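**Student:** Sequence plus the predicted model coming up.
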Amino acid sequence: MSDVIVITGASGGIGRATARRFAQHGAKIALLARGRAGLEATAQEVEERGGKALVLPTDVAEADQVEAAAQAVEDQLGPIDIWVNDAMATIYAEFLDVEPDEYRRATDVTYHGMVWGTQAALRRMADRNRGTIVQVGSALAFRGIPLQAPYCGAKHACKGFTESVITEIRHHGWNIHVTMVHLAGFNTTQFTWGRTKLPKQTQPVPPIYQPEIAADAIHWAAYHRRRQVYVGLPTVLNVLGERVAPGLLDWYLGKTGYGSQMTKQPLDRGPGHDNLFDPVDGDQDRGAHGPFDDEAHSRSIQTSLTKHRRLAGSLAAGVGAAATGAALLRKR
């Protein structure tokens, strides 16, 4: 029997790639986002790959819409097995240039969207004592960077919220798994429609990865009992750097954090480049990839090793043994 999957933010970017990944195994997938054109195109891709799609236009910032979508999924596809919280919104600007309504909206989508999705999923999974919730987190949940205060704050909140929920699940002894997949910089549609007040085209902080890497990690996390999954070497370095030398990171990001998030290209401020309050796809589908295919990596050795910790440990031991042997030979 095919799993029933819910994916928020499914109209583009990582959510779009994740829907494709689950579809490869014939899953029944509910697609939640605001933009209907993107959702319909994602649904077609799901069906082409052997899955079954249900399009549910939803603003995840609205709890009643998320609850209604969850009920529609169970009515039309069956009990939800896996819920993926991926929807996000951001604004690129210095903190002092962000208006209160902008900050509130980015937080409502990125943070409260995860809260309402988790609540709708957990309410149903608790009654059945089974299910998996995958939270799409970020390296920025551990270390904030300049020009994205609303997003960094929301992702930090997502991490703390999820940890609280996990403890309550443990208290009740429910057979429900919650995992967080923390991502580095990815080549997604975020950079074609995110609100910005910067003078240049925005970009992910390099190195840039293709969204299929994240999608594969999300799919893997849904079926393995790992509490957290780090995707991309910068995520690991962010976590370690914040633990070891946060002051040094403050200095480094103050020096490099502006330039690393902008290309040399002037920003196109035409219509369709601002989805903060309303979807911008209209009749246009933007797919899963952003404009950085030429620079983006299609593989991540770190992520492959993360999914195979025993192999990574063996390789590390082998390298250590080889280094020790070489040192002994030099002493002779």
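**Tutor:** That came through, no problem.
**Student:** Can you give me the end-to-end span of stretch 251-265?
**Tutor:** Its start and end residues considered, stretch 251-265 measures 26 Å (CA to CA, to the nearest Å).
**Student:** So for that stretch, mean pLDDT?
**Tutor:** Along stretch 251-265, the predicted local confidence has a mean pLDDT of 96.
**Student:** For that stretch, buried residues please.
**Tutor:** Under the neighbour-count criterion of 16 or more other CB atoms under 10 Å, stretch 251-265 has 253, 257, 260, 261, 262 buried. Backbone N, C-alpha and C define where each C-beta goes, glycine included.
**Student:** out of those residues, which are inside helices?
**Tutor:** When DSSP state H is applied, those are split such that residue 253 fall in helices.
**Student:** now the buried residues of stretch 251-265 as TSV including distance to residue 170?
**Tutor:** Formatted as TSV, the entries for those read as follows, by distance: CB to CB, whole Å:
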residue	distance to residue 170
253	35
257	37
260	39
261	38
262	43
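**Student:** which one among the buried residues of stretch 251-265 gets closest to residue 117?
**Tutor:** Looking at those and their distance to residue 117, the nearest is residue 261, at 27.4 Å (CB to CB).
**Student:** Go ahead and confirm that closest one touches residue 201.
**Tutor:** No. Using CB atoms under 8 Å, residue 261 is not in contact with residue 201; the gap is 10.0 Å.
**Student:** wait, isn't residue 218 in contact with residue 18?
**Tutor:** Yes. With contact taken as CB under 8 Å, residue 218 and residue 18 are classed as touching, separated by 5.1 Å.
**Student:** if you count what's nearby, which of the two comes out ahead?
**Tutor:** Using other CB atoms under 10 Å, the more surrounded residue of residue 218 and residue 18 is residue 18, with 31 against 27.
**Student:** Now for the more buried one: which residues touch it?
**Tutor:** The contact partners of residue 18, by CB atoms under 8 Å, 6 or more residues apart in numbering, come to 7, 10, 84, 86, 214, 215, 218, 219.
**Student:** 7 Å instead?
**Tutor:** Contacts for residue 18 were tallied using CB atoms under 7 Å, 6 or more residues apart in numbering; they are 7, 84, 86, 215, 218, 219.
**Student:** For the helix or strand harbouring it, the averaged confidence score.
**Tutor:** Secondary-structure element containing residue 18, defined by DSSP states H and E: helix 13-23. The average pLDDT within helix 13-23 is 97.
**Student:** quick one: buried residues of it?
**Tutor:** Of the residues in helix 13-23, those with enough neighbours to count as buried (16+ other CB under 10 Å) are 13, 14, 15, 16, 17, 18, 19, 20, 21, 22, 23.
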